[in-house]
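J.: structure for this input, please:
(2 chains)
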Amino acid sequence: MTLILSDRFDENRPIYLQIVEKVKRAIIRGDLKPGDRLPSVRELAIMLRVNPNTVQRAYQELEREGLTFTRRGQGNFVTQDPAVVEELREKMRRELVRRVIQEASEINMSVDELIKTLEEIRNEQAS
Amino acid sequence: MNRLLRARGLTKRYGRKHALRGVDLEVNSGEVVGILGPNGSGKSTFLKIAIGIVRPTGGEIEVLGQRPGAGLRKHVSYMSENDYLYRWMRVGEILEWTASFYDDWNDAKSQEIIEFLGLDRDSKISSLSRGMRGRLKTAIAFSRDVQLYLLDEPLSGIDPASRSKILDVIIREYRPENSSILLSTHLVMDVENLLDRVVFLSDGSVLLQGNADELRSQHDASINSIFIQLYG
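T.: So this is what the prediction gives:
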């Protein structure tokens, strides 16, 4: 979970949603693997320096989305269903690309131009 | 959900000056509520009424099902904004002395907090910096196992390192299943991620109150930015 902590919060957005996003990214990257136990609410609250109720709300949201499950008295665990993780990965990819396209359109940049620039930058970085 | 504190139309007048003008405020079990506002907005007056050291001029208030008074202080941990520590005492002596007043004093917890805060039982109060005295006041407040903690300006006038340590203690020692916190502060940035609910006070009236994350969504802004917009 160390990587989850690497960035700070954007305080203009609900904190619990950002914790949800941090956990999702950790699952996609494989920092959290299927069946892994999440830190306890209290542990994560102390690590992130947020109110434990905020962490609790984030954990409830993750469970509602089927990404985690609780075992009574043992805590919260990452789903063991690979299809759910795959679905999340696909959703996050699409969201990212939609955001990029949206931002590009705000400076009148077409998708074709976006792809062209992406390739240019990739070539620059490769060389 | 259990209601620990409920104020209705609470007013306080000092002569002609209004400190509170009809405040409605509630604290439920398991939440951290922040009373936010600039100096002189009525935050401390509210907390003093809640613990029973100031009498309201009008309105109603009930805390843990009773009228604030001496009996209530046995069940609520109140951290005053004043520097009340006796300067001739040592840290250990203050702790023992305070412990003797309360049946709910938790010695093991007290020990742990003192250690976490880097306080030395043998230090004289007179040798402590303001930040260290703030740490000690926090340690005293959280050494008690109570349902309700009332913290009046716990961060005011304190250096950043001590502020950060004090916030850590609040997060570490707060148990939503057993307790609630009502704190007042004008240092909103420091408590941004700590509060479940916020109450903005201005000149003795509630300007705005609500769940912190919902306010962030509605205003597309941090609690600190909302504070600046409201009082700017």
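J.: switch to C-alpha atoms for all contacts and neighbour counts from now on
T.: Fine.
J.: enumerate the residues of chain B near chain A.
T.: By C-alpha under 8 Å from any C-alpha of the partner chain, the part of chain B that sits against chain A consists of B:31-32, B:168, B:171-172, B:176, B:192-196, B:212-214, B:216-217, B:220-223.
J.: which residue would be the closest one in chain A to chain B?
T.: Relative to chain B, the nearest point of chain A is residue A:12 (4.0 Å; C-alpha to the nearest C-alpha).
J.: quick one, phi psi at that residue?
T.: Note on residue A:12: backbone dihedrals following degrees, to the nearest 10 are phi -80, psi -10.
J.: report the longest helix in chain A, please.
T.: helix A:82-105 (DSSP state H).
J.: and that one, what does it pack onto?
T.: helix A:15-29, helix A:111-126 (3 or more C-alpha pairs under 8 Å, 6 or more residues apart in numbering or on different chains; DSSP states H and E).
J.: quick check: which of those is nearest to residue B:41?
T.: The closest of the helices and strands packed on helix A:82-105 to residue B:41 is helix A:15-29. By C-alpha to C-alpha, the value is 27.4 Å.
J.: so the residue positioned nearest the centre of chain B: helix, strand or coil?
T.: For chain B, the residue sitting closest to the mean C-alpha position, by C-alpha atoms, centre = their mean, is residue B:151 at 1.4 Å. Secondary structure assignment for residue B:151 (DSSP: H, G, I helix; E, B strand; the rest coil): strand.
J.: before we move on, what about residue B:78?
T.: Per three-state DSSP, residue B:78 ends up strand.
J.: spatially nearest residue to it (excluding sequence neighbours)?
T.: Among residues not flanking residue B:78 along the chain, residue B:150 sits closest, at 4.7 Å (C-alpha to C-alpha, 6 or more residues apart in numbering or on different chains).
J.: the one you found: how many residues sit nearby?
T.: The tally of other residues near residue B:150 (other C-alpha atoms under 10 Å in any protein chain shown) stands at 22.
J.: what separates it from residue A:123, distance-wise?
T.: Computed as C-alpha to C-alpha, to the nearest Å, the residue B:150 to residue A:123 distance reads 60 Å.
J.: again with residue B:170
T.: 51 Å.
J.: tell me the phi and psi of residue 38?
T.: By default, I'm working from chain A. Note on residue A:38: its backbone torsions stand at phi -80, psi 160 [degrees, to the nearest 10].
J.: wait, chain B was what I had in mind.
T.: Residue torsions, per degrees, to the nearest 10, at residue B:38 are phi -70, psi 170.
J.: pretty sure it contacts residue B:186?
T.: Yes. The pair residue B:38 and residue B:186 passes the contact test of C-alpha atoms under 8 Å, sitting 5.5 Å apart.
J.: more neighbours, those two?
T.: Set residue B:38 next to residue B:186 and count neighbours by other C-alpha under 10 Å: residue B:186 wins out with 21 against 16.
J.: and that one, what does it touch?
T.: Residues in contact with residue B:186, defined by C-alpha atoms under 8 Å, 6 or more residues apart in numbering or on different chains, are B:36-39, B:153, B:156.
J.: what separation do you get for it and residue B:43?
T.: Going from residue B:186 to residue B:43 by C-alpha to C-alpha gives 9 Å.
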